[in-house]
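Visitor: mind looking at a prediction? Sequence and model below.
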Amino acid sequence: MSITLLSSPLQGFTDFRFRNAFHHYFGGIDTFYAPYIRLDGKMVIKSSYQRDLQLENNSTLEVIPQVMTNDPDGFLFVVKYIQSLGYKELNWNLGCPYPMVTKQGMGSGLICDPEKIDHILKRVHNETDVIVSMKMRMGYETPEEILDVFPILDSYPLKNIAIHARIGKQLYKGGVNLEAFQRCIDSTKHKLYYNGDITTVAKFREMQERFPSIDHFMIGRGLIADPFLPSMIKNNTTEYPANRWQIFSEFHDTIYQQYDAALSGPTPIKMKMLGFWEYFSQSFSNPQKTYKKIKKAGSPRNYTQAVAEILKNERAFSI
Ligand SMILES: Cc1cc2nc3c(=O)[nH]c(=O)nc-3n(C[C@H](O)[C@H](O)[C@H](O)COP(=O)(O)O)c2cc1C
């Protein structure tokens, strides 16, 4: 069975700079979801979201924009905006677990309100011709919440529902709940995508065996921690390319230069790259030491030196 791999959006990480560099150096991802657009009460699209979705910044990729809202007018406003850029599909985020979001009845905090979901989907389908897809957790308090939403979702022509097999309350703790995900498969007519904790080729194979009807898989954090993962899954191999660290190094330098040019001053670029290294370090032979070394680098010069040393050690280690 041929499988489709999608890059699960990570706000603050998988913007157009990351996506383009990723696609160029590693490949393996068929479609990229852009991180969510949030309006914060105003009918204005922030310039960082605009830059992220402009077609000239995404010319070699298939990208699907995402919105996080519980307001039908806001949803419709974002639909108009993305359609004006030429996008046909908008993904709706019902997964975000953070209390600041869920307490306002958004993200996974909206799953317990099927009526509101129905109202929003009704307006969007009556008033626009946008293709809607969903990205959800299975609930906020319990993984049964989603079961009451499926009858509503089944009455709309959604493209698919991607499910992160956790509940909001968990944040990112604990494991994914695979029994509950199976219940989702059994409870909707919609096409489901699996999302959650695919961090290795072995883990992917485990999910594929457990859910033989699923042929779309979304990878979020695992793809930053090991950018070779999607192409290895696609090539059905656990072998890295011989020039693994050379490719990684070129990828790193590309995003570093672009973020350095886009952010002003040494602190924002340091914080940006440190965020990436929290994930990158996980595929190095000594994750803690690697991360510490980056964290300690106080200046851009020290940072560049630290990266060079880390990669030199890793190359020596892998011979
Ligand atoms: C830092 C961070 C930012 C995220 N931003 C988004 C987002 O903008 N939209 C979204 O749907 N999910 C977002 N997620 C959730 C991921 O897309 C994904 O569903 C989740 O991490 C589980 O998949 P994984 O185990 O493959 O990472 C974010 C997760 C993290 C850790």
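Guide: Thanks, I have the structure now.

Visitor: give me every residue in the stretch 1-150 of the chain lying close to the ligand.
Guide: In this structure, the stretch 1-150 of the chain approaches the ligand at residues 8, 9, 10, 11, 12, 35, 36, 66, 93, 95, 135, judged by C-beta under 6 Å from any ligand atom. To be clear about C-beta, it is placed using only N, CA and C from the backbone, and glycine gets the same treatment.

Visitor: filter these down to the buried ones.
Guide: Buried positions within these, assessed by neighbour count (16 or more other C-beta atoms under 10 Å), are 8, 9, 10, 35, 36, 66, 93, 95, 135.

Visitor: related to what we said a few turns ago, now for the residues of the stretch 1-150 of the chain next to the ligand: which two are most distant?
Guide: Pairwise distances across those peak at 16.8 Å for 12 and 135 (criterion: C-beta to C-beta).

Visitor: tell me which parts of the stretch 201-319 of the chain are close to the ligand?
Guide: Of all the residues in the stretch 201-319 of the chain, those lying near the ligand are 219, 220, 221, 222, going by C-beta under 6 Å from any ligand atom.

Visitor: excluding covalently adjacent residues, which one is nearest to the last one?
Guide: Yep, that's residue 222 we're talking about. Here the nearest residue to residue 222 in space, its sequence neighbours aside, is residue 199; by C-beta to C-beta, 6 or more residues apart in numbering that works out to 4.0 Å.

Visitor: leaving out chain neighbours, which residue sits closest to whichever residue of the stretch 101-250 of the chain sits closest to the ligand?
Guide: Of the stretch 101-250 of the chain, the residue with the smallest distance to the ligand, taken as C-beta to the nearest ligand atom, is residue 220 at 2.7 Å. Take residue 220 and drop its neighbours on the chain: the residue closest to it by C-beta to C-beta, 6+ apart is residue 8, 3.5 Å away.

Visitor: any idea how far the one you found is from residue 62?
Guide: Between residue 8 and residue 62 the distance, using C-beta to C-beta, to the nearest Å, works out to 14 Å.

Visitor: cool, and residue 228?
Guide: 20 Å.

Visitor: with residue 101 instead?
Guide: When C-beta to C-beta is applied, the distance between residue 101 and residue 62 equals 27 Å.

Visitor: which one of these two has more residues nearby?
Guide: Between residue 101 and residue 62, counted using other C-beta atoms under 10 Å, the more crowded position is residue 101 (21 against 11).

Visitor: which ones are touching the residue nearest to residue 220?
Guide: In this structure, residue 8 makes contact with 33, 135, 162, 164, 195, 218, 219, 220, 223, judged by C-beta atoms under 8 Å, 6 or more residues apart in numbering.
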